[in-house]
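Trainee: Dropping the sequence and predicted coords here.
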Amino acid sequence: MGFGTLRAFEDEARARLEPAHYDYFAGGAGDELTVRANEAAFARLGLVPRVLRGAAKPETGVTLLGSRAAVPVLVAPTAFHRLAHPEGERATARAAAAAETVMIVSMAATVAVGDVADAAPGADLWFQLYVQPDAAFTETLVRRAEAAGCKALVVTVDSPVMGLRERDLRNGFHDLPEHLCCENMRDGAHGDRVRPIVMSPELSWEDIDRLREMTALPIVLKGVTHPADARLALDHGVSAIMVSNHGGRQLDTVPATIDLLPDIVAAAGGAVPVLLDGGVRRGTDVLKALALGATAVAVGRPVIWGLAADGERGVTRVLGLLRTEVEHALTLCGCASVHELEPGMVRRTC
Ligand SMILES: Cc1cc2nc3c(=O)[nH]c(=O)nc-3n(C[C@H](O)[C@H](O)[C@H](O)COP(=O)(O)O)c2cc1C
Ligand SMILES: O=C(O)C(=O)c1ccccc1
């Protein structure tokens, strides 16, 4: 199969997936303005290369909270991988390990995080958490992530309620089929019940403080978009900030993450790494985000398309394509490493 570009993977995934499942993966909230804005905003930015800097093959690796990523492109946490491929998160994790990058395992994974870790020895895993109203069960989840060897906790804070996704409403998609479930949500204490994932509008900074006391794992706050919240995140001792609008699946009309990034980077003031996701589809998008101050980016849907198209091999190809594009674009920009990217190399073009 000639999947030469990420677009080809999305086309193949669309052809293979049940339409309601494709819509679940592809869709977003409301009018999907934010879904489209994420990609469109990257397209409005130009890269201004430097010349004659005598650079050899560029170094693309970054170190992040003690994890090493050979390319600054992480796997964003996305739910329900077994809906895309029978091997689900096991396949994704093997591909992430082969690509030497970090996979953020979703709390809504269809394979338990411990089983994901067992399936992919050597994978650098982080665990994404929705803080649950039942504090004891939140702790159970944290302990499962620790036991699986996860190196960071990614706490998603943009979801006090679930976004209103009109494709899902139209398709009547609201649950996994019978044979699949959110395996991390098994209630060890009371038989084999699988708890529902509950969104908590009551969540506050105190919950972040409690989590910090509960675990030694670094905490990444995912879904920060306002600079005031970036400053609060520092006050509350988080280890990294992830600029994210949940790929346009939560509040519609949130601006594109690449447009929000500079103010968050300024607010963070270099105290913690700033990550970004949303609309990253090309190596040049990665360079733009890093030039504007991100330490790394993450990709959500492209990984799903690779998985649906060709399982582990598909995800490996998707991550490999991005890596090749990042190396190529860095060379063309005259950069020997990602650390040489700077804001002056990015220009708004329209
Ligand atoms: C199908 C799907 C499921 C997702 N599930 C989760 C999740 O369980 N937890 C979470 O924090 N974010 C989740 N996200 C958001 C992603 O982590 C990420 O923010 C977003 O996909 C990035 O945008 P991109 O898809 O344009 O790369 C999901 C996104 C998609 C597309
Ligand atoms: O679909 C999502 O974006 C998501 O974050 C989620 C949250 C809970 C359960 C399943 C998916």
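Mentor: Everything's here; your move. Residues are numbered from 1 along each chain as shown. Ligands and ions are numbered 1, 2, ... in the order given.
Trainee: what sits against Asp289?
Mentor: To be clear, residue 289 is Ala; Asp isn't right here. Ile258, Leu261, Leu276, Val280, Val297 (CB atoms under 8 Å, 6 or more residues apart in numbering). No exception for glycine: its C-beta is placed from N, CA and C like everyone else's.
Trainee: near ligand 1 too, which of these?
Mentor: Applying CB under 6 Å from any ligand atom, the subset of the contacts of Ala289 adjacent to ligand 1 comprises Val280.
Trainee: farthest-separated two in the contacts of Ala289?
Mentor: Spatial extent of those (CB to CB) is set by the pair Leu261 and Val280 at 11.7 Å.
Trainee: Among those two, which residue is more densely surrounded?
Mentor: A direct count of neighbours by other CB atoms under 10 Å for Leu261 and Val280 places Val280 higher, at 28 against 23.
Trainee: what's the nearest residue to Leu217 if we skip its chain neighbours?
Mentor: Leu153 (4.7 Å; CB to CB, 6 or more residues apart in numbering).
Trainee: What residues are recorded as beta-bridge partners of that neighbour?
Mentor: On the basis of DSSP bridges, Leu153 is bridged to Phe127, Ile219.
Trainee: and it, what pLDDT?
Mentor: Note on Leu153: pLDDT of 98.
Trainee: who's in contact with it?
Mentor: Trp126, Phe127, Leu129, Val142, Ala145, Leu211, Thr215, Leu217, Pro218, Ile219, Val220.
Trainee: hang on, the earlier thing: counting only helices, which of the contacts of Ala289 make the cut?
Mentor: Under the assignment DSSP state H, these contribute Ile258, Leu261 to helices.
Trainee: Can you pull up the most central residue in this protein?
Mentor: Centrality entry for the chain: nearest residue to the mean C-alpha point is Ala76, 1.9 Å, by CA atoms, centre = their mean.
Trainee: now the contacts of Ala289 as TSV including pLDDT and distance to ligand 2?
Mentor: Listed next are those as TSV, based on pLDDT from 0 to 100; distance: CB to the nearest ligand atom, whole Å:
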residue	pLDDT	distance to ligand 2
Ile258	99	20
Leu261	99	21
Leu276	99	17
Val280	98	16
Val297	99	18
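Trainee: With distance to Gly311 added, can I get the contacts of Ala289 in TSV?
Mentor: Converted to TSV, the contacts of Ala289 look like this (distance: CB to CB, whole Å):
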residue	distance to Gly311
Ile258	30
Leu261	33
Leu276	27
Val280	22
Val297	24
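Trainee: Get me the contact residues on the stretch 1-150 of the chain for ligand 1.
Mentor: Phe25, Asn38, Ala76, Pro77, Thr78, Ala79, Ser106, Ala108, Gln128.
Trainee: Please apply the same query to the stretch 251-350 of the chain.
Mentor: Asp277, Gly278, Gly279, Val280, Val299, Gly300, Arg301, Ile304.
Trainee: List just the nearest of those residues to ligand 1.
Mentor: Gly300 (2.2 Å; CB to the nearest ligand atom).
Trainee: Skipping adjacent residues, who's closest to that closest one in space?
Mentor: Nearest residue to Gly300, sequence neighbours excluded (CB to CB, 6+ apart): Ala76, at 4.0 Å.
Trainee: With Ala99 instead?
Mentor: Leaving aside its sequence neighbours, Ala99 sits nearest to Leu319 (CB to CB, 6+ apart; 3.9 Å).
Trainee: other SSEs contacting whichever strand or helix holds that neighbour?
Mentor: Secondary structure assigned from DSSP states H and E places Leu319 in helix 301-332. Applying 3 or more CB pairs under 8 Å, 6 or more residues apart in numbering; DSSP states H and E, we find helix 301-332 packed against helix 6-16, helix 19-26, strand 73-75, helix 88-98, helix 283-291.
Trainee: before we move on, the earlier item: look up the pLDDT of the residue nearest to the centre of the chain for me, please.
Mentor: 99.
Trainee: Could you do Gly4 as well?
Mentor: On pLDDT, Gly4 comes in at 85.
Trainee: now the one 4 residues further on
Mentor: In this model, Ala8 is scored at 96, pLDDT.
Trainee: again with the one 5 residues further on
Mentor: On pLDDT, Ala13 comes in at 98.
Trainee: Check Met1 too.
Mentor: 51.
Trainee: Just give the closest residue to Thr140, not the sequence neighbours.
Mentor: Ranked by CB to CB, 6+ apart and with sequence neighbours excluded, the top spatial neighbour of Thr140 is Gly188, at 6.7 Å.
Trainee: Count the residues that sit near the one you found.
Mentor: Count around Gly188 with other CB under 10 Å applied: 11.
Trainee: Output stretch 327-347 as PDB, nothing but the C-alphas.
Mentor: Extracted in PDB, the C-alpha atoms of stretch 327-347 (Å, rounded to 0.1, in the frame of the first residue of the first chain):
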ATOM      1  CA  GLU A 327      14.600  16.200   9.600                       C
ATOM      2  CA  HIS A 328      14.100  17.400   6.000                       C
ATOM      3  CA  ALA A 329      12.600  20.700   7.100                       C
ATOM      4  CA  LEU A 330      15.300  21.300   9.700                       C
ATOM      5  CA  THR A 331      18.000  20.800   7.100                       C
ATOM      6  CA  LEU A 332      16.200  23.200   4.700                       C
ATOM      7  CA  CYS A 333      15.900  25.800   7.600                       C
ATOM      8  CA  GLY A 334      19.700  25.500   8.200                       C
ATOM      9  CA  CYS A 335      19.200  24.100  11.700                       C
ATOM     10  CA  ALA A 336      21.600  21.500  13.100                       C
ATOM     11  CA  SER A 337      19.100  20.700  15.900                       C
ATOM     12  CA  VAL A 338      15.600  21.600  17.000                       C
ATOM     13  CA  HIS A 339      17.200  23.900  19.600                       C
ATOM     14  CA  GLU A 340      18.300  26.300  16.800                       C
ATOM     15  CA  LEU A 341      14.700  27.100  15.900                       C
ATOM     16  CA  GLU A 342      13.600  30.500  17.100                       C
ATOM     17  CA  PRO A 343      10.500  32.800  16.800                       C
ATOM     18  CA  GLY A 344      12.200  35.000  14.100                       C
ATOM     19  CA  MET A 345      11.900  32.000  11.700                       C
ATOM     20  CA  VAL A 346       8.100  32.100  11.800                       C
ATOM     21  CA  ARG A 347       6.100  34.700   9.900                       C
END
